[in-house]
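>>> Build me a structure from this.
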Amino acid sequence: MIRVLTKPRHIWKIDKFLTTVGLEHEIFTLDDKIPDTPYNLGVSYIHTKKIAEPELSKPALGWVNYHPAVLPKYPGIKYIEKAIANKEMNWGVTVHFMNEDFDTGPIIKILPIELHEPPTVFHELASVSYHFLFILFKMTIENIYKQRIKKQEKL
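Take a look at the predicted model:
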């Protein structure tokens, strides 16, 4: 069982994809009361609340975070603003195993995104990031769940 924490606008596409590939799952948002039931893998998909102990250690396969920016360069929630201020041309999205710190666990994969010019508007870069983050999700979630990608020690 995969437990996904996300924002309401992402529920339908995550649900549709996981159902299509046959992965048992449940999806919750910040507004939901999350049951204390067992699950094998936790997924934070653009979820802004930190997953702390004891929840972080509950699933046997741990937790992964789909972060809509390049880690470790752009952690946290102000990554778009920082990228615009930096006139960033090297962009991408990241999936990583989570640990007790915020956006610091071992990186599983970074999907690079070729930007043709530096972003100037928040929604411009956010839209690109969210689009490619779902591509990264589809590329990796099944392999993570089926343990074709193993949790590593902190890099």
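
>>> after the host helix or strand of Thr19, next one along is what?
Using DSSP states H and E, Thr19 falls within helix 11-20. Proceeding N to C from helix 11-20, the next assigned helix or strand is strand 25-28, under DSSP H and E.

>>> Could you give the average pLDDT over that next one?
Strand 25-28 carries an average pLDDT of 97.

>>> longest single helix anywhere in this protein?
The longest helix of the chain (DSSP state H) is helix 122-145.

>>> now that one against helix 11-20, angle please.
Angle, helix 122-145 to helix 11-20, by axes from the mean of the first three to the mean of the last three Cα atoms, to 10 degrees: 20 degrees.

>>> Quick check: buried residues in helix 122-145?
Neighbour-count burial for helix 122-145 flags 125-126, 128-129, 132-134, 136-137, 140-142, 144-145 (criterion: 16 or more other Cβ atoms under 10 Å). From N, CA and C alone the C-beta is placed, and that goes for glycine too.

>>> Which two of these have the greatest separation?
Between any two of those, the greatest separation by Cβ to Cβ is 29.2 Å, found for Leu125 and Tyr145.

>>> which non-adjacent residue is nearest the residue sitting nearest the centre point of the chain?
Closest residue to the average C-alpha location of the chain: Tyr66 at 1.0 Å, with Cα atoms, centre = their mean. Leaving aside its chain neighbours, Tyr66 sits nearest to Tyr45 (4.6 Å; criterion: Cβ to Cβ, 6 or more residues apart in numbering).

>>> Ala69 and His96 touch, don't they?
No. At 11.4 Å, Ala69 and His96 do not qualify as touching, with contact defined as Cβ atoms under 8 Å.

>>> out of those two, which sits in the more crowded spot?
Applying other Cβ atoms under 10 Å to Ala69 and His96 shows that Ala69 carries more neighbours, namely 26 against 21.

>>> and that one, what does it touch?
75, 79-80, 83, 91-94, 129 (Cβ atoms under 8 Å, 6 or more residues apart in numbering).

>>> Show only the entries of those found in strands.
Residues of those located in strands (DSSP state E): 91-94.
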